[in-house]
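S.K.: Sequence and predicted structure below; questions after.
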Amino acid sequence: MFSFQSKSFLLLVILGAFSAQTASACVDDATFQFALVNTPTTMVNCSWLTKNTKKASIRIAAYCPTVNTKCVKSCSNCPATTSPTGSPQKSPTGSPQASPSAKPSTSKAPSSVPSVKPSAKPSAKPSAKPSAKPSQA
């Protein structure tokens, strides 16, 4: 029987192997070589695909369909990462408040509903043109 400590150690070893495999999954096979189509006696490695930046797109289009499992990085065939991208954001504060805030709105636009009480003083800037009908008192 395994003890709790040996099970924990075994789990750490497995997770470590998995993360090492995941971290190195986007690497070209350093020992892999392939023959050029036009000169089959010439052997090249994965870095040849991108070494000449002017010819890289042509080489990638011609060779990556057959060598992309060995030239993973050069052929941009890296697996998607599944590790977290950062800390979680703060959770929402809860439901909206039922009562209004203590401070008045800072909006410059007039309200859509008229006030119940008339203002204490006359307006500092009356409207540019008078209304067509008198207001109801």
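M.R.: All right, it came through fine.

S.K.: Give the closest residue to I60 in space, chain neighbours not counted.
M.R.: Nearest residue to I60 in three dimensions, chain neighbours excluded: L49, at 5.7 Å (CB to CB, 6 or more residues apart in numbering). Bear in mind the C-beta positions are built from the backbone N, C-alpha and C, glycine included.

S.K.: Now for that neighbour, how many residues are close by?
M.R.: Using other CB atoms under 10 Å, L49 is surrounded by 25 other residues.

S.K.: what about S115, distance to T42?
M.R.: As judged by CB to CB, to the nearest Å, S115 and T42 stand 87 Å apart.

S.K.: burial measure for R59, as a count.
M.R.: Neighbour tally, R59, other CB under 10 Å: 18.

S.K.: so what's it up against?
M.R.: W48, L49, T50, N52 (CB atoms under 8 Å, 6 or more residues apart in numbering).

S.K.: what do you get for G86?
M.R.: G86 neighbours (CB under 8 Å, 6+ apart): none.

S.K.: P79 looks like it's in a helix, true?
M.R.: No: P79: not assigned to a helix; according to DSSP: H, G, I helix; E, B strand; the rest coil it is coil.

S.K.: so how far is K117 from Q136?
M.R.: Distance of Q136 to K117, computed by CB to CB: 15 Å.

S.K.: Next: A128.
M.R.: 25 Å.

S.K.: Likewise for K90?
M.R.: Taken as CB to CB, the span from K90 to K117 is 41 Å.

S.K.: Then T93?
M.R.: Relative to K117, and taking CB to CB, T93 is found at 34 Å.

S.K.: Do a quick rundown of the helices in this structure.
M.R.: 4-23, 48-51, 56-67 (DSSP state H).

S.K.: looking at these, which one has the lowest mean pLDDT?
M.R.: Ranked by mean pLDDT, the helices of the chain bottom out at helix 4-23, with a mean of 41.

S.K.: Report the backbone C-alpha coordinates of stretch 108-117 in CSV.
M.R.: Written as CSV, here are the backbone C-alpha positions of stretch 108-117 (Å, rounded to 0.1, in the frame of the first residue of the first chain):
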residue,chain,number,x,y,z
LYS,A,108,-25.8,68.2,-17.7
ALA,A,109,-28.8,67.0,-19.6
PRO,A,110,-32.3,67.8,-18.3
SER,A,111,-34.3,65.0,-16.7
SER,A,112,-37.1,63.4,-18.7
VAL,A,113,-39.6,63.9,-15.9
PRO,A,114,-40.5,67.4,-14.6
SER,A,115,-39.8,68.1,-10.9
VAL,A,116,-42.7,68.0,-8.4
LYS,A,117,-41.8,71.3,-6.7
